[in-house]
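Q: What follows is a protein structure lacking sequence information:
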Ligand SMILES: Nc1ncnc2c1ncn2[C@@H]1O[C@H](COP(=O)(O)OP(=O)(O)OP(=O)(O)O)[C@@H](O)[C@H]1O
Ligand SMILES: [Mg+2]
């Protein structure tokens, strides 16, 4: 799958832009403030129905405008096409798939999965566990269409149990313990299975970008080792009642990345940390491709600020062999290095919100 045509209206400083992207790598360059991240944000919005840069859509919609629109035509490997589009207003969201309105952003995310790498991605290993849960859950969401139902059921049970704890109402606590344990255990198994599938890809890619020894991921369930989740919920009851919330569970899940038996984030250099994060994100794209023969559109913002020239060359070689659509931005064209590669590519220049094919 790749975007064959892309139209953007009123996203930050982009009044209107139409692109016919390459199904391979799309190099986008332009000065600070020209609109490169705005372009990537438009692509992110098309896949996830939200901006990667602002929580408030008001910041993303062009000043003094009521809404933004991003629409596209996707071409699949079997040559069929899908049209999709999203319109976001201050309080409205309309999504179209093949000219029919759909009501679920998750459907959009399945049709057009996007993977994002930005300078902020270091949070994945350096930030709180919510970034790693998000990473695992995004992976599971793409691999397993049952994920969302399980995740929602888990969230609902957690809310109910926490409400009962706050009210010290124990009449129904066992019912919600059972419910929470059931969905929490499935969710945890999904995450664990996902990391097992991902690990060989991580090892292979880590070998290209960062020569660390014995990269290893250790999964953290979010409850005490050696016990079932249900047992933990029952054991924790007194403590949970005292604090008014559920201490154990997948909402506390995490993973730790080790290199040679040491916690990587505390051991590797800053540059190596970035390369590790790149590895994790690319592994996710490759697993998706190899297991489901599906593509994830890859967005890489601020390419040159992220990597030194050796890593940049390695990354370009990797991307050109990936057979996957990529959008990659930098300030100066020469920062891309040598882009005379075998694979397909196009170069775009962005200036004051206008996108031009070079
Ligand atoms: N809602 C908005 N309406 C109009 N313009 C906006 C809005 N939000 C941001 N801008 C402007 O859009 C411009 C493009 O920003 P963007 O972050 O895309 O630049 P960039 O090319 O990625 O720059 P850099 O190289 O510094 O990352 C900025 O000058 C910014 O001030
Ligand atoms: Mg930018």
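A: Yes, it's here. This structure is a prediction, so every number in the text was calculated from the model and none was measured. Ligands and ions are numbered 1, 2, ... in the order given.
Q: Any idea which residue is closest to the centre of the protein?
A: Geometric centre of the chain, nearest residue: residue 115, 4.8 Å, by Cα atoms, centre = their mean.
Q: and the residue lying closest to that one once chain neighbours are set aside, what is it in contact with?
A: Of all residues not flanking residue 115 in the chain, residue 296 sits nearest, at 4.6 Å (Cβ to Cβ, 6 or more residues apart in numbering). Any C-beta I mention is one placed from the backbone N, CA and C, and that applies to glycine too. By Cβ atoms under 8 Å, 6 or more residues apart in numbering, the contact list for residue 296 reads 113-115, 142, 284-285, 288-289, 324.
Q: And the helices in the stretch 101-250 of the chain, which stretches?
A: Ranges of helices in the stretch 101-250 of the chain, per DSSP state H, counting those that start in this stretch, are 105-111, 123-126, 129-143, 147-167, 173-209, 229-235, 237-243.
Q: returning to what we had before: roughly how far does the residue nearest to the centre of the chain sit from residue 348?
A: 20 Å (Cβ to Cβ, to the nearest Å).
Q: do the same with residue 327
A: For residue 327, the distance to residue 348 (Cβ to Cβ) stands at 9 Å.
Q: try residue 124
A: Applying Cβ to Cβ to residue 124 and residue 348 gives a distance of 28 Å.
Q: that older thread, neighbour count winner among residue 327 and residue 348?
A: The residue with more neighbours, out of residue 327 and residue 348, is residue 327; 26 against 21, by other Cβ atoms under 10 Å.
Q: Just the buried positions in the helix-or-strand element of the chain with minimal mean pLDDT, please.
A: Ranking every helix and strand in the chain by mean pLDDT, DSSP states H and E puts helix 303-306 at the bottom, with a mean of 80. Buried residues in helix 303-306, defined by neighbour count with 16 or more other Cβ atoms under 10 Å: 303-304, 306.
Q: As JSON lines, the residues you listed with distance to residue 52 would be great.
A: Output for these, formatted as JSON lines (distance: Cβ to Cβ, whole Å):
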{"residue": "303", "distance to residue 52": "16"}
{"residue": "304", "distance to residue 52": "19"}
{"residue": "306", "distance to residue 52": "15"}
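Q: Point out the residues in the stretch 251-358 of the chain that sit beside ligand 1.
A: For the stretch 251-358 of the chain, the contact set with ligand 1 under Cβ under 6 Å from any ligand atom comprises residue 331.
Q: Where does the stretch 251-358 of the chain get nearest to ligand 1, which residue?
A: Closest residue of the stretch 251-358 of the chain to ligand 1, Cβ to the nearest ligand atom: residue 331 (5.4 Å).
Q: Quick check: that residue vs residue 145, distance?
A: Using Cβ to Cβ, we find residue 331 at a distance of 40 Å from residue 145.
Q: So which of those two has more stuff around it?
A: Neighbour tally, residue 331 and residue 145, criterion other Cβ under 10 Å: the higher count belongs to residue 331, 16 against 10.
Q: In strands, which of the contacts of residue 296 fall?
A: 114-115 (DSSP state E).
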